[in-house]
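A.B. asks: got a structure for you, letters missing:
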């Protein structure tokens, strides 16, 4: 078991770290949403990577096949992708409303505007 044999896990860690850094370090709401999408992609990869067996086939019972791949991780990730896209769309819609209300999508400017006008008037 070498490091190269687990390249999908290394890519997962790299994407997860990059996504988390973008979410934490950036003040722009759109950039935060992109970081969240990158983080979600790393989780998809984490679940799909062990789901495929080398030499495995689709789970169709036949005499010729002895090793089957589990389809459940792929089905669950397909559902997670749909939820992730919906979450991203909702986040972008909220960002548009924040831009209309505050005139900015920068987190520090929004917080400063809230501090200056706590009543929301």
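C.D. replies: Sure, I can see it. Here the structure is a predicted model, which means the values were calculated and not measured.

A.B. asks: Just the buried positions in the least confident helix or strand in the chain by mean pLDDT, please.
C.D. replies: The weakest-scoring helix or strand in the chain, judged by mean pLDDT, DSSP states H and E, is helix 107-116 (a mean of 90). By neighbour count on 16 or more other C-beta atoms under 10 Å, the buried set for helix 107-116 is residue 110. The C-beta positions use only the backbone N, C-alpha and C, and glycine is treated the same way.

A.B. asks: what's the angle from the helix of greatest length in the chain to helix 107-116?
C.D. replies: Identified as the longest helix of the chain according to DSSP state H is helix 72-102. Helix 72-102 runs at 50 degrees relative to helix 107-116, counting by axes from the mean of the first three to the mean of the last three C-alpha atoms, to 10 degrees.

A.B. asks: which helices and strands sit right next to helix 72-102?
C.D. replies: helix 29-48, helix 107-116 (3 or more C-beta pairs under 8 Å, 6 or more residues apart in numbering; DSSP states H and E).

A.B. asks: Columns distance to residue 87 on top of those, output as CSV?
C.D. replies: Below are those laid out as CSV (distance: least, C-beta to C-beta, whole Å):
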stretch, distance to residue 87
helix 29-48, 8
helix 107-116, 19
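
A.B. asks: Go through these and name the closest to residue 80.
C.D. replies: Nearest to residue 80, of all the helices and strands packed on helix 72-102, is helix 29-48, at 6.4 Å by C-beta to C-beta.

A.B. asks: Nearest spatial neighbour of the most centrally placed residue in the chain, chain-adjacent residues omitted?
C.D. replies: Central residue of the chain (C-alpha atoms, centre = their mean): residue 40, 1.4 Å from the mean position. Nearest residue to residue 40, sequence neighbours excluded (C-beta to C-beta, 6 or more residues apart in numbering): residue 84, at 4.7 Å.
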